[in-house]
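>>> using only what follows, build the 3D model:
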Amino acid sequence: MTQPPVLIAFPKGRLGDELVPRLAGTPLALDTAALKSRVLRIPTATPGVAALLLKGADLPRYVAAGVASLGIVGSDTLDEMDVDLLELADLGFGACRLSLCALAGVTLEQLRARPHLRLATKFPKATEAWLAREGLTAELVPLSSSAELAPLLGLADAIVDLVQTGGTLRAHGLVETAVLGRSSARLVAARGAYLSEPGRIRPLADLLLGALKDKA
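Residues are numbered from 1 along each chain as shown. Coordinates of the predicted model:
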């Protein structure tokens, strides 16, 4: 009986843009023609292994449910979600900072002094943890994108967002006032598949790690 293909969940967006070129020429290279289409299930150079292209916030759920046996996702996303996954490795790419950012000229001390601090973010758990460590309280304004506009338009006093190069911040007149944490790409596995099918899933995880290490 033919086994169903093993699925690996790959991220779309920033991490995916870094990941796909790293896999080129390896046993897990993604099919070029399929990548140019709109399909989200992409064959790899290894028969019986396919990639699912998923948004970061959805990816851990596909892996936790066992739909995909392995996945690559940013640690910032993992920190915001309550999912049962095995984290196998820090892949060492996609590094960025989770930072508190405000309009140029506004200092951290000034933000601390606000009687009603408002922070726009799509990272509420990390933000709340930082506020607790700092002994601060704030109203969190949930945003899924374009957080840089919030201080400019008066929606919030500052934002908590991922920063890689800082170019987007500078374009909107923002600066980092504090670094809350750091994020990078992680290899995760579905607990059930990894533990029940070690002869199939673990070698694939090793293959993926080897492919990425060769392109580091």
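>>> what are the buried residues along the longest strand along the chain?
In the chain, with assignment by DSSP state E, the single longest strand is strand 174-183. Buried residues in strand 174-183, counting neighbours by 16 or more other C-beta atoms under 10 Å, are found at 174, 177, 178, 180, 181, 183. From N, CA and C alone the C-beta is placed, and that goes for glycine too.
>>> for stretch 96-105, same thing?
96, 97, 98, 99, 100, 101, 102.
>>> if the third one is in a bridge, with which residues?
Under the criterion DSSP bridges, residue 98 forms beta bridges with residue 162, residue 181.
>>> might you report the residue contacts of it?
By C-beta atoms under 8 Å, 6 or more residues apart in numbering, residue 98 lies in contact with 76, 123, 126, 160, 161, 162, 163, 179, 180, 181, 182, 183.
>>> surely residue 34 is in contact with residue 43?
Yes - the criterion here is C-beta atoms under 8 Å, and residue 34 meets it with residue 43 at 6.1 Å.
>>> remind me which residues of this structure are low pLDDT?
1-2, 214-216 (pLDDT under 70).
>>> hang on, isn't residue 161 packed against residue 126?
No - the pair residue 161 and residue 126 fails to qualify as a contact (C-beta under 8 Å) at a distance of 10.5 Å.
>>> so for these two, which sits in the more crowded spot?
The residue with more neighbours, out of residue 161 and residue 126, is residue 161; 27 against 18, by other C-beta atoms under 10 Å.
>>> mind listing what the closest residue to that one other than its chain neighbours touches?
Spatially, and ignoring its direct neighbours in sequence, residue 161 is nearest to residue 147 (4.9 Å; C-beta to C-beta, 6 or more residues apart in numbering). Residues counted as contacts of residue 147 (C-beta under 8 Å, 6+ apart) are 120, 121, 122, 159, 161.
>>> how is this protein carved up into domains?
Using automatic domain parsing, the domains assigned to the chain come out as 6-94+184-214, 96-182.
>>> and stretch 51-65, end to end?
Chord length of stretch 51-65, first to last residue, is 16 Å (C-alpha to C-alpha, to the nearest Å).
>>> quick one: the strands in this structure, in order.
Taking DSSP E as the criterion, the chain carries its strands at 6-11, 41-43, 49-54, 70-74, 85-90, 96-103, 118-121, 139-142, 158-163, 174-183, 185-190.
>>> deepest-packed of these, please.
strand 70-74 (a mean of 26; mean count of other C-beta atoms under 10 Å).
>>> against which helices or strands is it packed?
On a contact count with 3 or more C-beta pairs under 8 Å, 6 or more residues apart in numbering; DSSP states H and E, strand 70-74 meets strand 6-11, helix 14-23, helix 59-64, strand 185-190, helix 198-214.
>>> so what are the sheet partners of that strand and their directions?
For strand 70-74, pairing defined by DSSP bridges yields strand 6-11 (parallel), strand 185-190 (antiparallel).
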